[in-house]
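Student: sharing a sequence plus its predicted fold:
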Amino acid sequence: MDSIFFYENSEHSAGSGKGALQKLKVAVQPNFSVKGWPTEAGSVALAGFKALEDAPVVERLSGAGAALIGSTAMSEFGFGLKGSCAGAAVEKKSADVELILDIAGEARLSAAREGICGFKPSYGLIPRLGLVGLIPTMETVGILAHEIAFIRDILQTIAGPDERDFSLPDEKIPDLSFQDIDPANTALGILSDVVNGLPPEERGAFNKLCEALKQDGFPIKEISFPDFSQFLLVHQIVGSVEASSCLGRYDSVRYGQRVPGAKNWNDMYLQSRGAAFGTLLKSFLFQGAFFQFEKYGAYEDACRLRARLVTQMQSLDPMADALILPTVNHAASHRTGSLIEMYAQFACTAFANVTGRPALHLRAGNGIGFQLSAKRLDDGRLLSLGRYLLSHRQGGKS
Amino acid sequence: MEFEAVIGLEIHVELNSATKLFCDCPNNPGDEPNINTCPTCLWFPGAVPRLSRAALEKAALLCLGLNSELQQRSAFDQKVYYYPDLPKGYQLSQAHQPLSRGGWIDIVDEDGSTRRLRIHHIHMEEDVAKLVHEMEGRMPISLVDFNRAGAPLVEIVTEPDFRTPHHAMEFLKALRTQVRYVGSSECSMENGTMRVDANISIRPKGTNQMNTKVEVKNMNSIRHVGDAIAYEINRQSVAVGAGEAVILHTRLWNPDKKATLPMRAKFEGPCVPDPTIPAIILSKEEIHALRSRLPEMPAARAERFIQQYGFSVEEAAYLSSDPEVAGYCEAVVKEGVAPRTVMHWLTTQLMPAVKDRGEELNQTKVTPVRFASLLKMLTHDEINANAARDVLAQLFQSDETPGAIVNAMGFKQVSDRGELEAMIDEVLAGQPAAVADFKSGQGKAMGFLIGQVMQVSGGKANPKMIRKLLTDRLAAK
């Protein structure tokens, strides 16, 4: 257990509250601000930093009676899975729910790794204040649990505007209660371009899953989306630019670790930031700075491309109630050394971060599960579908 | 070859809103260092900026006051560079979608004609921290005061419409007046609430070329802006005349040497859209509501002063240039004093007296009501002008009413006919030579006799009545 947890809260009082989440044991990652907890976000840049206040998300969890049991080991600023133990606490039943930032698909991929469910809600549902983020327009709080009901309860608790956080879009919070699912009236779309790109074995398994869903009465529609591979590209360019800005604040001037002996302020920056960030993150930040300073036009192109991809994806909505696609890119899952290799892991997940759509990784009995996604703010229906599939497809294989 | 200058200005104005631009910290940069800071303006992990509505409104009113068109959609960008006075590696500014576009100020040119100087756009941005460089023993250290970090600024970027130092100085004076009118800032270059950079290039007179410009900074008065521009025009003209090329760079005005000197090249970083601060959307209705909050602007007020009070163009321009003075003047007129009397006493007596005392007009004990009461005694011949000046001096120190001061100091003018006749008798009896002079046609003897009566009265006699009574008496004799 020591290896899973970064910080354990010895004082947590399970079941003290009377709220919707009473007795639920919740773990977060140390990029969620919990007052007094070490909040290092997995980085030397924040070594020894303790949160000054609870994030609104944390306030809401506590207010609803959840027991915050601690924070789990994470990758540097939540970027990628290297060093992250997300999902293990749920898998080992030391927590009922874990919350992590889903930046490119981390919540869904961690869930796949641990054989549990992982949900990335719609962008803009959950206040970001107090979350030590990396890519503001891509990331949101991901929820990991074995049961969809826990995920839904957590989402209902933490979603909604906060008067201190103006970054949320001004829109109505959708109904997040469970709805009845009638398979015959729930069209599932398969992105054929994604499926065709899978290795033969995976493709076979996925087609079998689709066949089984068809047997269950779901209309299955094949949908073409030739530009799907561009999601990763857009994520990488726009994401690196935002990350470069976002981590600019870790300059050792006001807090954090300052390397002594610098000759001047520029040298202080170089040495302190040089010591603060790991290799993978540095290459990401360099890439962002490159686009900011040298290839700004390419960054603007990526932003335009992003807008086009969002529109393209919206144009699919009339064809299917939910999309069904794999979560894990098996070809890339074991190589995580370089930035390119790490990014390849998110080939099937980044689309939801780029478009702001909700996406759910659903565990499967003895397979590695699959991913469902729906249009933005359709979180309630997506979770309902996930719950239906889990309960009606016991032992279903992916 | 004769050259003309092409000049554009970039003017930073620090808004006087109560809080900073993105947090609730007090906007008081001068307080004890680092007192006015919070996790947001220090950019702690997890901080989310929240645009201050009050600062936005101050900025919007400023734009409207300068005839600039508020945009229905504007947005913040990140100006990326690293410097210890910048707490997060970028400055929040509006590079791509400014708060307003266009605008103009009319000035009076040196030949008396009106010249319109255009504004390109006005955008909001946050100020940076203040760096203090000190020695700790033999070790140089830099201290950072974040009180100013995140303070609300607007930047006014003009078109290159200016040709002379006069244009720049008149533009800045008018801009300062107009911004003071809308109440968004004091615009004091001396106190740093207005900072001006000038972009200057030269070209052969009569051509339309746009040549390489030089940016000049570090002027801390409007006069210095004029001096720096004049110096720079001359420097470039001499250089080009000698066959040298003008290189794009930045120079600092050195007020001691009265010269611009080159500074180290400044690094210009990119501007990336900020992903966190929502775009500012102003509906037509909101813009209309803001416009209705604009006070009467100086040009309109001056025009009204001419029409309503009969002031000259110069008087109206002088009075309306400062909203405090204009408001004070109108308040006194409203108390029932003739506008001309108010104008005269305000400009020749009260303003110099306020200035001598180093006070602000609206903070002295001489309120418009007390000043009006003094001027009314004067116009009703209850006191004379000399007494009024003495009473005015007393008004600065005393809380007594002007009437009470007049009584206490015995300034009440003698207008009683019997009393005055007695004094005149006394003077005429004692000055037969002057009486004879007057009768032989020497008119100036009248002035002497009036002076004698005033002396007898201890300065309290009503001079107009003395003249009348004396004239009657001398004519009868």
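Tutor: Alright, I've got the coordinates.

Student: what residue in the stretch 251-400 of chain B comes nearest to chain A?
Tutor: Nearest to chain A in the stretch 251-400 of chain B, going by C-beta to the nearest C-beta, is B:P275, at a distance of 4.1 Å. Using the backbone N, CA and C atoms, a C-beta is placed for each residue, glycine as well.

Student: please name the nearest non-neighbouring residue to the most centrally placed residue in chain A.
Tutor: Closest residue to the average C-alpha location of chain A: A:D102 at 1.6 Å, with C-alpha atoms, centre = their mean. Nearest residue to A:D102 in three dimensions, chain neighbours excluded: A:G142, at 3.4 Å (C-beta to C-beta, 6 or more residues apart in numbering or on different chains).

Student: any idea how far chain B is from that neighbour?
Tutor: 17 Å (C-beta to the nearest C-beta, to the nearest Å).

Student: can you confirm that residue is in a helix?
Tutor: No: going by DSSP: H, G, I helix; E, B strand; the rest coil, the assignment for A:G142 is strand, not a helix.

Student: may I have the secondary structure class of A:S62?
Tutor: Following three-state DSSP, the label given to A:S62 is helix.

Student: doesn't A:I324 lie inside a helix?
Tutor: No: A:I324 sits outside any helix when classified using three-state DSSP, being strand.

Student: now it: how far from A:V241?
Tutor: To A:V241, A:I324 is 32 Å away according to C-beta to C-beta, to the nearest Å.

Student: pick out whichever of the two has more residues nearby.
Tutor: Between A:I324 and A:V241, counting by other C-beta atoms under 10 Å in any protein chain shown, A:V241 is the more crowded of the two (30 against 24).

Student: ok, the more buried one - contacts?
Tutor: Neighbour list for A:V241: A:G288, A:F291, A:Q292, A:Y299, B:V272 [criterion: C-beta atoms under 8 Å, 6 or more residues apart in numbering or on different chains].

Student: now do the contacts for whichever residue of the stretch 101-250 of chain A sits closest to chain B.
Tutor: Proximity of the stretch 101-250 of chain A to chain B (C-beta to the nearest C-beta) peaks at A:G248, 2.1 Å away. Counting by C-beta under 8 Å, 6+ apart, A:G248 makes contact with B:V80, B:Y82, B:K88, B:G89, B:Y90.

Student: shouldn't the second one be within a strand?
Tutor: The one in question is B:Y82. No: secondary structure of B:Y82 (three-state DSSP): coil, not part of a strand.

Student: show the backbone phi and psi for B:L131.
Tutor: Backbone dihedrals for B:L131, given as degrees, to the nearest 10, come out at phi -100, psi 130.

Student: now check stretch B:122-141, is it near chain A?
Tutor: No: counting by C-beta under 8 Å from any C-beta of the partner chain, chain A is not contacted by stretch B:122-141; separation bottoms out at 9.1 Å.

Student: for that stretch, buried residues please.
Tutor: When neighbours are counted by 16 or more other C-beta atoms under 10 Å in any protein chain shown, the buried residues of stretch B:122-141 are found to be B:I122, B:H123, B:M124, B:E125, B:E126, B:D127, B:V128, B:A129, B:K130.

Student: for the helix ranked longest in chain B, C-alpha coordinates in CSV please.
Tutor: With secondary structure taken from DSSP state H, chain B has its longest helix at helix B:222-241. Extracted in CSV, the C-alpha atoms of helix B:222-241 (Å, rounded to 0.1, in the frame of the first residue of the first chain):
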residue,chain,number,x,y,z
ILE,B,222,4.4,65.6,-20.2
ARG,B,223,7.1,68.3,-20.7
HIS,B,224,9.7,65.5,-20.9
VAL,B,225,7.7,63.7,-23.6
GLY,B,226,7.9,66.9,-25.7
ASP,B,227,11.6,67.3,-25.0
ALA,B,228,12.4,63.7,-25.7
ILE,B,229,10.5,63.7,-29.0
ALA,B,230,12.2,67.0,-30.0
TYR,B,231,15.6,65.5,-29.2
GLU,B,232,14.9,62.3,-31.0
ILE,B,233,13.6,64.1,-34.2
ASN,B,234,16.7,66.2,-34.3
ARG,B,235,19.0,63.2,-33.6
GLN,B,236,17.4,61.1,-36.4
SER,B,237,17.5,64.1,-38.8
VAL,B,238,21.2,64.6,-38.2
ALA,B,239,21.9,60.9,-38.5
VAL,B,240,20.0,60.5,-41.8
GLY,B,241,21.5,63.7,-43.1
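
Student: what's that helix packed up against?
Tutor: Contact here means 3 or more C-beta pairs under 8 Å, 6 or more residues apart in numbering or on different chains; DSSP states H and E; on that basis helix B:222-241 packs against strand B:3-14, helix B:165-182, strand B:194-204, strand B:214-219, strand B:249-254, strand B:259-262.

Student: can you list the low-confidence ranges for chain A?
Tutor: Chain A contains residues with pLDDT under 70 at A:1-2, A:13-17, A:333-336, A:365-367, A:393-398.

Student: ok, whichever residue of the stretch 51-200 of chain B sits closest to chain A - contacts?
Tutor: Residue of the stretch 51-200 of chain B nearest chain A, by C-beta to the nearest C-beta: B:G89 (2.1 Å). Neighbour list for B:G89: A:S245, A:L247, A:G248, A:R249, A:D251, B:V80, B:Y81, B:Y82 [criterion: C-beta under 8 Å, 6+ apart].

Student: what about the last one, how many residues nearby?
Tutor: What it means is B:Y82. The tally of other residues near B:Y82 (other C-beta under 10 Å) stands at 18.

Student: bridging residues for the residue nearest to A:D102?
Tutor: A:G142 forms beta bridges with A:I100, as assigned by DSSP bridges.

Student: that one and A:L109 touch, don't they?
Tutor: No: in this structure, A:G142 is not within contact of A:L109 by C-beta atoms under 8 Å, at 9.8 Å.

Student: could you measure from the residue of the stretch 101-250 of chain A closest to chain B over to B:N462?
Tutor: With distances taken as C-beta to C-beta, A:G248 is found 77 Å from B:N462.

Student: who touches the longest helix anywhere in chain A?
Tutor: In chain A, ranked by residue count with DSSP H as the criterion, the top helix is helix A:296-316. The contact list for helix A:296-316, computed with C-beta under 8 Å, 6+ apart, reads A:189, A:223, A:225, A:227, A:230-231, A:233-234, A:237-238, A:241, A:291-292, A:323, A:351, A:354-357, A:375, B:270, B:272-273.

Student: my guess is B:D85 meets B:D145, correct?
Tutor: No: shown here, B:D85 and B:D145 do not form a contact pair, counting by C-beta under 8 Å, at 9.0 Å.

Student: what do those two both touch?
Tutor: Residues touching both B:D85 and B:D145 (C-beta under 8 Å, 6+ apart) are B:A129, B:K130, B:L131.

Student: can you redo these as CSV with pLDDT?
Tutor: Output for the shared contacts of B:D85 and B:D145, formatted as CSV (pLDDT from 0 to 100):
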residue, pLDDT
B:A129, 96
B:K130, 94
B:L131, 93
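
Student: got the CA positions of the helix or strand where A:R387 lies in PDB?
Tutor: A:R387 belongs to helix A:379-392 when elements are defined using DSSP states H and E. C-alpha atoms of helix A:379-392 as PDB (Å, rounded to 0.1, in the frame of the first residue of the first chain):
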ATOM      1  CA  ASP A 379     -23.000  12.700 -19.100                       C
ATOM      2  CA  GLY A 380     -26.100  11.400 -17.400                       C
ATOM      3  CA  ARG A 381     -27.200   9.300 -20.300                       C
ATOM      4  CA  LEU A 382     -23.600   8.000 -20.900                       C
ATOM      5  CA  LEU A 383     -23.300   6.800 -17.400                       C
ATOM      6  CA  SER A 384     -26.800   5.200 -17.600                       C
ATOM      7  CA  LEU A 385     -25.700   3.400 -20.700                       C
ATOM      8  CA  GLY A 386     -22.500   2.200 -18.900                       C
ATOM      9  CA  ARG A 387     -24.500   1.000 -16.000                       C
ATOM     10  CA  TYR A 388     -26.900  -0.900 -18.300                       C
ATOM     11  CA  LEU A 389     -24.100  -2.500 -20.200                       C
ATOM     12  CA  LEU A 390     -22.300  -3.600 -17.000                       C
ATOM     13  CA  SER A 391     -25.400  -5.200 -15.500                       C
ATOM     14  CA  HIS A 392     -26.700  -6.800 -18.700                       C
END
